[in-house]
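Participant: pasted the sequence and its predicted model underneath.
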Amino acid sequence: MNENEQKQQGLQIELTPEKAQGEYANFAIITHSSSEFIVDFARMLPGLPKAQVRSRVILAPEHAKRLLGALQENIMRYERQFGSIKMPEQQQAPRTIAPFGPGKGEA
């Protein structure tokens, strides 16, 4: 659901000042079962031995698919406005969001 559809339906979202600050994450680990997707957002910093999980989001499969669609739509909008997002060349590795290459994620 895009922002305009949310406004039309009168969806109101509360965002506390604490949550509005956000959490920086540069690594994500996605796992799933038959009934849910679990996305752990972590912060991986050079020189530190472990990535620290900063947030965990648990989604029903239907919501995970909606999130995928919303991300695809927003990436297309971003690239139309700002140009193509350049991806560094990556070796065949596990599909994670990891800027420092493949590594062992622990949660």
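Facilitator: Now that the structure is in, tell me what you want to look at.

Participant: immediately after the helix or strand bottoming out on mean pLDDT in the chain, which helix or strand?
Facilitator: Every helix and strand of the chain was ranked by mean pLDDT, DSSP states H and E. The lowest is helix 3-9, at a mean of 59. Following helix 3-9 in sequence order, the next helix or strand is helix 17-20 (DSSP states H and E).

Participant: buried stuff in that following helix?
Facilitator: By neighbour count on 16 or more other C-beta atoms under 10 Å, the buried set for helix 17-20 is empty. Any C-beta I mention is one placed from the backbone N, CA and C, and that applies to glycine too.

Participant: do you know how far E23 is from A42?
Facilitator: Using C-beta to C-beta, to the nearest Å, E23 is found at 10 Å from A42.

Participant: any shared contact partners between the two?
Facilitator: With contacts defined as C-beta atoms under 8 Å, 6 or more residues apart in numbering, the residues shared by E23 and A42 are R54.

Participant: who's more crowded, these two?
Facilitator: More crowded of E23 and A42, by other C-beta atoms under 10 Å: A42, with 23 against 11.
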